[in-house]
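K.L.:
Turn this into a model:
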Amino acid sequence: MPPQGTRGPVAAETILRRQAQRESAARTYARSLPIVPVRARGLTIEGADGRRYLDCLSGAGTLALGHNHPVVLEAIRAVLDSGAPLHVLDLATPVKDAFTTELFANLPAALAADARIQFCGPAGTDAVEAALKLVRTATGRSGLMAFTGAYHGMTAGALDASGGASDVRVTRLPYPQDHRCPFGVGGAEGARLGARWTESLLDDPKGGVPTPAGLIVEPVQGEGGVHPAPDDWLRRMREITKARGIPLIADEVQTGVGRTGAFWGVDHAGVVPDVMVLSKAIGGSLPLAVIVYRSELDVWAPGAHAGTFRGNQLAMAAGTATLAYVRHNNLAERAGVLGERMLAALRSLAADHPCIGDVRGRGLMLGVELVDPDTGDAAPDLAATVRRECLDRGLIVELGGRHSCVVRLLPPLTLTDEQAAAVLERLADAIAAAARRSH
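P.N.:
Model (predicted):
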């Protein structure tokens, strides 16, 4: 139970006011979601003011099983009750061994057969840093290729590889998309042109792009606006990088553990990367981040990448339980089926609302791009209004994409048909209300 004096509208307002006074100006979700969660289970969050919300943010995709799933709580309690040490640096423990074994059982088979794992600091951005450091060490090269619209984290190296970088030290490549294709054609032809551009840059002796240490890609760009990579294009990226000895890094921080309708985002295309960056759902709601990679890249000296909190035993136990539950209950397949159904419903909704410029996604990683119905331009104010209207109706969503005009849905993989219908109903009502306000 929460401490006394932390429930009720007055207490909620007091806590929010203290947060605004004490926390940094960098806080993000707290600005657009002024709630004080005190209880949560599955899809539902209860605020200190007594209101209930359907959570389609899920810890930015962290909560594969939703809040406080029984198998996760049981795994955490088992470690606590066992008397096992909770802090072990990178020492071997039974808990860690069980996690690694379960993770390897779910990796693409061709990678698992020859993989090494590096436990990183507890955030996904540190795992990205580790991946970049790894390929640079292994290849002896320093350059990097990444994609427009990418998001890989908030530390220096990860920001360099992300789409919002201001001091560009990374070669940017076009990421395929239909709604705002950089080549103006979209579809398979737009993806083909993007791959051709990549190949041309790498092979042109006057292109100004020396062979990079690696190429990093998200199978679905999440923060970039929910853009799934076409399977053929991703396979072509694998062919291009492999032929030139360039390690391919798949950032699966948000797409992993069943989110897209396959256990890993790369599984849709049958691609086996050289390095996979994993975090969020692999910790079962607790902080955990790793990279797994081909053994021939394992040229690091001891201590070349480290972190005091890379031995989080509770997160490993929760992660093992989550990975196993997703696998045994076919939740990836379930996410694919339910996601397609929700996409169809959202596209039907778009037919009635000219302010919906595009609907896209894969599995339970969905996006609705809002536009000015007269010009087709991005409509960030309208998107922000939709987010507020959703919150008023007890639905938590976030925004992403260029100009923050894409409403994103990241519900837990345990979402039921009834809950999905409730989410869609509340979102449809919020969009209609926001559209009325905009006029």
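K.L.:
show me where pLDDT drops low in the stretch 51-200 of the chain?
P.N.:
164-169 (pLDDT under 70).
K.L.:
Let me see the ranges of the helices in this protein.
P.N.:
All helices of the chain, identified by DSSP state H, fall at 9-22, 29-32, 58-61, 70-82, 94-106, 109-112, 124-139, 156-160, 187-203, 231-243, 313-328, 331-352, 380-392, 417-438.
K.L.:
Make a markdown table out of these and add distance to V271 and mean neighbour count.
P.N.:
Quick note: C-beta positions are derived from backbone N, CA and C, even for glycine. Below are those laid out as a markdown table (distance: least, CB to CB, whole Å; neighbours: other CB atoms under 10 Å):
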| stretch | distance to V271 | mean neighbour count |
| --- | --- | --- |
| helix 9-22 | 43 | 13 |
| helix 29-32 | 32 | 12 |
| helix 58-61 | 21 | 21 |
| helix 70-82 | 30 | 16 |
| helix 94-106 | 16 | 18 |
| helix 109-112 | 10 | 14 |
| helix 124-139 | 16 | 24 |
| helix 156-160 | 22 | 19 |
| helix 187-203 | 13 | 17 |
| helix 231-243 | 5 | 18 |
| helix 313-328 | 20 | 23 |
| helix 331-352 | 16 | 17 |
| helix 380-392 | 32 | 20 |
| helix 417-438 | 29 | 17 |
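K.L.:
okay, those in JSON lines with distance to H268 next?
P.N.:
Formatted as JSON lines, the helices of the chain follow (distance: least, CB to CB, whole Å):
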{"stretch": "helix 9-22", "distance to H268": "40"}
{"stretch": "helix 29-32", "distance to H268": "29"}
{"stretch": "helix 58-61", "distance to H268": "17"}
{"stretch": "helix 70-82", "distance to H268": "26"}
{"stretch": "helix 94-106", "distance to H268": "15"}
{"stretch": "helix 109-112", "distance to H268": "16"}
{"stretch": "helix 124-139", "distance to H268": "21"}
{"stretch": "helix 156-160", "distance to H268": "24"}
{"stretch": "helix 187-203", "distance to H268": "14"}
{"stretch": "helix 231-243", "distance to H268": "6"}
{"stretch": "helix 313-328", "distance to H268": "16"}
{"stretch": "helix 331-352", "distance to H268": "9"}
{"stretch": "helix 380-392", "distance to H268": "28"}
{"stretch": "helix 417-438", "distance to H268": "21"}
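K.L.:
Could you point out which of those helices sits nearest P210?
P.N.:
Each of the helices of the chain has some distance to P210 by CB to CB; the shortest is helix 187-203, at 9.2 Å.
K.L.:
Next, the angle from that closest one to helix 231-243.
P.N.:
If you take axes from the mean of the first three to the mean of the last three CA atoms, to 10 degrees, helix 187-203 sits at 10 degrees to helix 231-243.
K.L.:
So what touches helix 187-203?
P.N.:
145, 171, 173-178, 181-185, 207, 209, 211, 230, 232-233, 236-237, 240, 244, 246 (CB atoms under 8 Å, 6 or more residues apart in numbering).
K.L.:
run the last query once more with 10 Å
P.N.:
Contacts to helix 187-203, defined as CB atoms under 10 Å, 6 or more residues apart in numbering, come from residues 145, 147-148, 171, 173-178, 181-185, 207-212, 215, 229-237, 239-241, 243-244, 246.
K.L.:
between the helices of the chain, which gets nearest to D374?
P.N.:
That would be helix 417-438 among the helices of the chain, by CB to CB, at 10.7 Å.
K.L.:
orientation of the closest one relative to helix 380-392 in degrees?
P.N.:
Helix 417-438 runs at 130 degrees relative to helix 380-392, counting by the same axes, to 10 degrees.
K.L.:
Now do A229 against V277, distance only.
P.N.:
Using CB to CB, to the nearest Å, A229 is found at 15 Å from V277.
K.L.:
Looking at those two, which has the bigger crowd around it?
P.N.:
For A229 versus V277, neighbours defined as other CB atoms under 10 Å are more numerous around V277 (31 against 27).
K.L.:
Surely the more buried one touches G265?
P.N.:
No. The pair V277 and G265 fails to qualify as a contact (CB atoms under 10 Å) at a distance of 11.3 Å.
K.L.:
where do the contact lists of these two overlap?
P.N.:
In the contact map built from CB under 10 Å, 6+ apart, the residues linked to both V277 and G265 are 218, 250-252, 256.
K.L.:
Okay, the residue nearest to R51 when sequence neighbours are not counted and V128: tell me how far apart.
P.N.:
Leaving aside its sequence neighbours, R51 sits nearest to G394 (CB to CB, 6 or more residues apart in numbering; 6.6 Å). Between G394 and V128 the computed distance is 34 Å (CB to CB).
K.L.:
list the contacts for the spatially most central residue of the chain?
P.N.:
The residue lying closest to the centre of the chain (CA atoms, centre = their mean) is Q254, at 2.0 Å. The neighbours of Q254, taking CB under 10 Å, 6+ apart as the test, are 60-62, 124, 151, 218-223, 260, 265, 279-281, 365, 410.
K.L.:
Which among those count as buried?
P.N.:
Those of those that meet the buried threshold are 60-62, 124, 151, 218-223, 260, 265, 279-281, 365, 410, by 16 or more other CB atoms under 10 Å.
K.L.:
contacting residues for the closest residue to R437 other than its chain neighbours?
P.N.:
Among residues not flanking R437 along the chain, T385 sits closest, at 5.9 Å (CB to CB, 6+ apart). When contacts are counted by CB under 10 Å, 6+ apart, T385 touches 370, 379, 430-431, 433-438.
K.L.:
before we move on, what about H268?
P.N.:
H268 touches 219-220, 228-231, 234, 255, 260-262, 336, 362-363, counting by CB under 10 Å, 6+ apart.
K.L.:
now the nearest residue to S279 once chain neighbours are set aside: how far from A158?
P.N.:
Spatially, and ignoring its direct neighbours in sequence, S279 is nearest to G124 (3.3 Å; CB to CB, 6+ apart). The gap separating G124 from A158 is 8 Å, by CB to CB.
K.L.:
any common contacting residues for the two?
P.N.:
Residues touching both G124 and A158 (CB under 10 Å, 6+ apart) are 152, 251, 277.
K.L.:
Just confirm the first one contacts I216, I think it does.
P.N.:
Yes. Judged on CB under 10 Å, H152 makes contact with I216 at a distance of 6.6 Å.
K.L.:
Many thanks, have a good one.
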